[in-house]
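Enquirer: structure of the sequence below:
(4 chains)
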Number of protein chains: 2
Amino acid sequence: MSEDAARERQELALLLRRLTVELDAVGQRFAQMHGLNRTDVRALVAIMDAARRGEALTAGRLGEAVDLRSASVTALVDRLEKVGHLRRTRDDEDRRRVVLEMSDSTMAAGAEHFGGLARDLAAAMADYTPEQLAVVHRFLLDMTDVVTRHARTDPPPP
Amino acid sequence: MSEDAARERQELALLLRRLTVELDAVGQRFAQMHGLNRTDVRALVAIMDAARRGEALTAGRLGEAVDLRSASVTALVDRLEKVGHLRRTRDDEDRRRVVLEMSDSTMAAGAEHFGGLARDLAAAMADYTPEQLAVVHRFLLDMTDVVTRHARTDPPPP
DNA sequence: ACCTAATCTCTCGATGATCGAGATTATCGA
DNA sequence: TCGATAATCTCGATCATCGAGAGATTAGGT
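Expert: As a prediction, this is how the structure comes out:
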């Protein structure tokens, strides 16, 4: 492999990292705008994601999604409920469970903020042919695969 | 634009998000392995990045890099120094400043962990022609641009 | 050379996020 | 029906972060 090729690959890896930093900053910005912290935003996003899949999250599942213990989930839901971002409801199927429902206004704010980004990203992709997007797609799948292996166990098998 | 094209773009946006989640998890894993928190890892990475540029970070510049106030930087450096990940040195040019030097072992651990990822990413890129990588490069620059605008101010100009 | 303002780091006390342990209520299985 | 399991909550402790202010050092104007 040529020196240039090696440099290009390193450059691409750095670009991936920079993209993640900026994507994180988008969430950070949403947090600041609404007086939330990083965990709060991650929780709201998890709930929105679930809602888009037609599911409603319980407290326990939210804890799994954002990696918090049950005591912390209670505190998290407390503060989000206190400012009206969501409300608790008892699950009628299993009355031990607490299902979380986001308020319409918060759902709208989230859709505005993150949906706007998705919209602009999609618009920027108009500059690419379907074949090019297919290449990018494969690339992202491959890179995600490598990263995921490193995230789970240090020296990945293949 | 066709339905499929729209779906493909949305899929790519989701892939970018998933990639950032997994990249975050790589740092999280490093944190767990060394008994650190997210901020600590971000600090060590910032110091490593600076070192690679041939610079040494001062406490103040580290605070800018990880977005912490001076009191928090003191506490951060305290705990990293206590476990031997770095040491404070007075800057002889400006004796108000504290320059931070990472220990060799921590630098090596970081290089092992994150450098290993970079190596595997580069290896996975071998499946792509230079022309394909150029397309990916342009794509990532474009997407980063869009994301960065959303991270700074909500409705971006162009 | 001086003196004031600005800069850099640190200390202190307060606040808030997270957790482990244990309590409470509800469901499930024998 | 009863014991085991599960879901959530309460309580007290710990830790990260911050604002305000102190102490030390440098920069700039006179």
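Enquirer: center of chain A, which residue is that?
Expert: Among the residues of chain A, the one closest to the centroid is A:V45, at 6.1 Å (CA atoms, centre = their mean).
Enquirer: now do the contacts for that residue.
Expert: Going by CB atoms under 8 Å, 6 or more residues apart in numbering or on different chains, A:V45 touches A:27, A:110, A:114. Bear in mind the C-beta positions are built from the backbone N, C-alpha and C, glycine included.
Enquirer: tell me the one of these nearest DNA strand C?
Expert: A:G27 (13.4 Å; CB to the nearest atom of the strand).
Enquirer: could you say which helix or strand holds the closest residue to that closest one other than its chain neighbours?
Expert: Excluding the flanking residues, the one nearest A:G27 by CB to CB, 6 or more residues apart in numbering or on different chains is A:V41, at 5.0 Å. Per DSSP states H and E, A:V41 falls inside helix A:38-52.
Enquirer: put the alpha carbons of the following helix or strand past that helix into CSV.
Expert: The element immediately downstream of helix A:38-52 (helix or strand, assigned by DSSP H and E) is helix A:59-66. The C-alpha trace of helix A:59-66 is given here as CSV (Å, rounded to 0.1, in the frame of the first residue of the first chain):
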residue,chain,number,x,y,z
ALA,A,59,-38.9,2.5,33.4
GLY,A,60,-36.8,-0.7,33.4
ARG,A,61,-36.4,-0.8,29.7
LEU,A,62,-35.4,2.9,29.7
GLY,A,63,-32.7,2.0,32.2
GLU,A,64,-31.3,-0.6,29.9
ALA,A,65,-31.3,1.8,27.0
VAL,A,66,-29.3,4.4,28.9
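Enquirer: do the helix or strand following helix A:59-66 and DNA strand D come into contact?
Expert: Next in sequence after helix A:59-66, counting helices and strands by DSSP H and E, comes helix A:70-82. Yes - counting by CB under 7 Å from any atom of the strand, DNA strand D has neighbours in helix A:70-82: A:70-71, A:73-75, A:77-78.
Enquirer: contacts only, for A:E8.
Expert: By CB under 8 Å, 6+ apart, the contact list for A:E8 reads B:130, B:133, B:137.
Enquirer: which of the residues you listed fall within helices?
Expert: Under the assignment DSSP state H, the contacts of A:E8 contribute B:130, B:133, B:137 to helices.
Enquirer: with adjacent residues omitted, what lies nearest to the first one?
Expert: Put plainly, it is B:P130. Nearest to B:P130 is A:A5, by CB to CB, 6+ apart, at 6.7 Å.
Enquirer: how many residues are close by the closest residue to DNA strand C within chain A?
Expert: In chain A, the residue that lies nearest DNA strand C is A:A71 (2.8 Å; CB to the nearest atom of the strand). A:A71: 9 surrounding residues under other CB atoms under 10 Å in any protein chain shown.
Enquirer: gap between it and A:V98?
Expert: According to CB to CB, to the nearest Å, A:A71 stands 14 Å off from A:V98.
Enquirer: with A:S72 instead?
Expert: Noted for A:S72: a distance of 14 Å to A:V98, by CB to CB.
Enquirer: looking at the two, which is more packed in?
Expert: A:V98 (17 against 13).
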